[in-house]
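Asks: The sequence isn't on hand, but the structure is:
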DNA sequence: GTTGACATAGGTGAAAATACCTAGAAAGAT
DNA sequence: ATCTTTCTAGGTATTTTCACCTATGTCAAC
């Protein structure tokens, strides 16, 4: 019996997956988690064989959660379940220790196959993302270093969130009761840390990391 | 027997919902759709009593799809199933003709209750979003008019996509082999159409509308 | 055939973003 | 105790955004 932990911030999605998995012979859902911190804790106590991991979760995202979980117990197999066939997500979560990457556009049958594959220790990638891995292998492309929220201080995250919501430096300064120059300094610092150079990039990053929603 | 059509661009989510609904007595899933155009067509041929409608779908989004479907057949009850408790989404899709609004964070049991409620012609809103409607009722706030991609020309959509991906006006001009001033004019025009005033807002809009991904 | 929408592009000006610099106060770590 | 980090904020300069204006050629609609 393969024990499975489901991590996704949408309860309806968790319940749907749990019901589908209940119909798979040999698979048993032993727990659910709604954010990154929960899944790290649940992995520690439940010691599941497989974790189905959503990437976009509030708080700690799926990539960081995977890094921590696999760091603690490399025997746990993580299957990333993502909305996006984005090369950065694929490379980042694989480097963080995930063995599988399945798109939400895929059929459930593919997810089941991925689970069966990773329990035997072999990787499984959705066809649409397998190409990225091959490309990087062939081209010896050094993947973009993983940028994550963990690089930012809490104040910087706060500034980033407000920037991504469309506020100007002056407005943020008023909101937080600090000087406009201070906000600009924070913005510059976090841009340097993330190696980003425009509000558009910051906005996308903030959404990816769950700091704000679209 | 309540006939149900599921519209969501993620196949795993559709299958999960279908399985969960199959266990509800008196409910029958008669079809699925993966984007807005599909659901409009499916609604016409299948004539379901209820449509579970994801808001963020490629092509035609859930709000526009709802507007068209309810415009054709007001007897069809639409339950919006959304990731976001965003007041604009709530007001827009309700004005487009949806009767229900359920968050993906909600339990499946709540979705089932919403379906039962709307088949009897009564609205159902997740508690987290009901407040918006009450507020607008109380304050007599005129809701922000629905902004959609349909307002923009194809050239404007192209510019918007590139802006949202972090490119500057000068870079876009080079990319499209037109003048920087032209790009700026397009940007200004689409900002006026959408009543938005910053790159951050445009970026979020572009992601919401599926022009680009995070 | 005139009207209107669109893509193109130029001018002007204020505001904001981007990118550097320095620097002090406070808090935490080795 | 010293060092580092963080938050704070000021200076300076360049580039970009944002918000108006006008204007021309094209093309489809009426």
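Replies: Alright, I've got the coordinates. In this text, all values refer to a predicted model and were calculated from it rather than measured experimentally. Numbering: from 1, shown residues only, chains lettered A, B, ... in the order given.

Asks: Tell me if I'm right that residue A:50 and residue A:80 touch.
Replies: No - using C-beta atoms under 8 Å, residue A:50 is not in contact with residue A:80; the gap is 11.6 Å. The way it works is simple: take the backbone N, C-alpha and C, and place the C-beta from them, glycine included.

Asks: and these two? which has more neighbours close in?
Replies: Between residue A:50 and residue A:80, counted using other C-beta atoms under 10 Å in any protein chain shown, the more crowded position is residue A:80 (29 against 25).

Asks: Give me the distance between that one and residue B:168.
Replies: 33 Å (C-beta to C-beta, to the nearest Å).

Asks: and if you look at residue A:97?
Replies: In terms of C-beta to C-beta, residue A:97 sits 37 Å off from residue B:168.

Asks: try residue A:15
Replies: 44 Å.

Asks: If you count surrounding residues, which of these two has more?
Replies: residue A:15 (22 against 16).

Asks: you'd agree the more buried one is up against residue B:23?
Replies: No - between residue A:15 and residue B:23 there is no contact under C-beta under 8 Å: 10.7 Å.

Asks: Give the partner strands of the one helix or strand residue A:31 maps to in its sheet and their orientations.
Replies: Using DSSP states H and E, residue A:31 sits in strand A:27-33. Within its sheet, strand A:27-33 is paired with strand A:2-7 (parallel), according to DSSP bridges.

Asks: Now residue A:72: closest residue in space that isn't a chain neighbour?
Replies: residue A:44 (6.9 Å; C-beta to C-beta, 6 or more residues apart in numbering or on different chains).

Asks: was I right about residue A:46 contacting residue A:5?
Replies: Yes - between residue A:46 and residue A:5 there is a contact under C-beta under 8 Å: 5.9 Å.

Asks: Which one's more surrounded, these two?
Replies: Neighbours were counted for residue A:46 and for residue A:5 using other C-beta under 10 Å; residue A:5 has more, 24 against 16.

Asks: residues touching that one, list them.
Replies: Neighbour list for residue A:5: A:29-33, A:39, A:42-43, A:46, A:48, A:50-52 [criterion: C-beta atoms under 8 Å, 6 or more residues apart in numbering or on different chains].

Asks: now with 7 Å?
Replies: Neighbour list for residue A:5: A:30-31, A:33, A:39, A:42-43, A:46, A:48, A:51 [criterion: C-beta atoms under 7 Å, 6 or more residues apart in numbering or on different chains].

Asks: which stretches of chain A have low pLDDT?
Replies: A:58-59, A:133-147 (pLDDT under 70).

Asks: Name the residues of it found near chain B, please.
Replies: A:9-13, A:15-17, A:19-20, A:83-84, A:86, A:104-108, A:111, A:163-166, A:198-201, A:203-204, A:207-208, A:213-214 (C-beta under 7 Å from any C-beta of the partner chain).

Asks: Now the buried members of those.
Replies: Buried members of those, counted by 16 or more other C-beta atoms under 10 Å in any protein chain shown: A:9-13, A:15-17, A:19-20, A:83-84, A:86, A:104-106, A:108, A:111, A:163-166, A:198-201, A:203-204, A:207-208, A:213-214.

Asks: Tell me who's in contact with the residue lying farthest from the centre of chain A.
Replies: The C-alpha centroid of chain A is most remote from residue A:179, which lies 33.7 Å away (C-alpha atoms, centre = their mean). By C-beta under 7 Å, 6+ apart, the residues touching residue A:179 are residue A:173.

Asks: One more: residue A:14?
Replies: A:6, A:8, A:32.

Asks: In terms of helices and strands, where is the residue nearest to residue A:213 when sequence neighbours are not counted?
Replies: Of all residues not flanking residue A:213 in the chain, residue B:84 sits nearest, at 5.0 Å (C-beta to C-beta, 6+ apart). Secondary structure assignment for residue B:84, by DSSP H and E: no helix or strand.

Asks: is it true that residue B:84 touches residue B:54?
Replies: No - Residue B:84 lies out of contact with residue B:54 (C-beta atoms under 7 Å); the separation is 11.2 Å.

Asks: can you list residues touching both of these two?
Replies: Here residue B:84 and residue B:54 share no contacting residue, scored by C-beta under 7 Å, 6+ apart.

Asks: circling back to that earlier point, how about the strand holding residue A:31: buried residues?
Replies: A:27, A:29-33.

Asks: Let me have those in JSON lines, adding distance to DNA strand C as columns.
Replies: Below are the buried residues of strand A:27-33 laid out as JSON lines (distance: C-beta to the nearest atom of the strand, whole Å):
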{"residue": "A:27", "distance to DNA strand C": "43"}
{"residue": "A:29", "distance to DNA strand C": "38"}
{"residue": "A:30", "distance to DNA strand C": "35"}
{"residue": "A:31", "distance to DNA strand C": "32"}
{"residue": "A:32", "distance to DNA strand C": "33"}
{"residue": "A:33", "distance to DNA strand C": "28"}
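
Asks: if we can go back for a sec, give me the distance between the strand holding residue A:31 and the centre of its chain.
Replies: Mean-position distance between strand A:27-33 and its chain equals 19 Å (C-alpha atoms, centre = their mean, to the nearest Å).

Asks: other SSEs contacting the helix or strand following it?
Replies: Sequence order places helix A:36-46 as the next helix or strand after strand A:27-33, per DSSP H and E. Here helix A:36-46 touches strand A:2-7, strand A:27-33, strand A:50-54, helix A:62-72, going by 3 or more C-beta pairs under 7 Å, 6 or more residues apart in numbering or on different chains; DSSP states H and E.

Asks: starting at the chain centroid, how far to helix A:36-46?
Replies: Distance, centroid of helix A:36-46 to centroid of chain: 15 Å (C-alpha atoms, centre = their mean).

Asks: Just the residues contacting it, thanks.
Replies: By C-beta under 7 Å, 6+ apart, helix A:36-46 touches A:5, A:7, A:30-31, A:33, A:51, A:53, A:57, A:59-62, A:64-65, A:68-69, A:72, A:76.

Asks: Just the buried residues of those.
Replies: Buried among these (16+ other C-beta under 10 Å): A:5, A:7, A:30-31, A:33, A:51, A:53, A:57, A:59-62, A:64-65, A:68-69, A:76.
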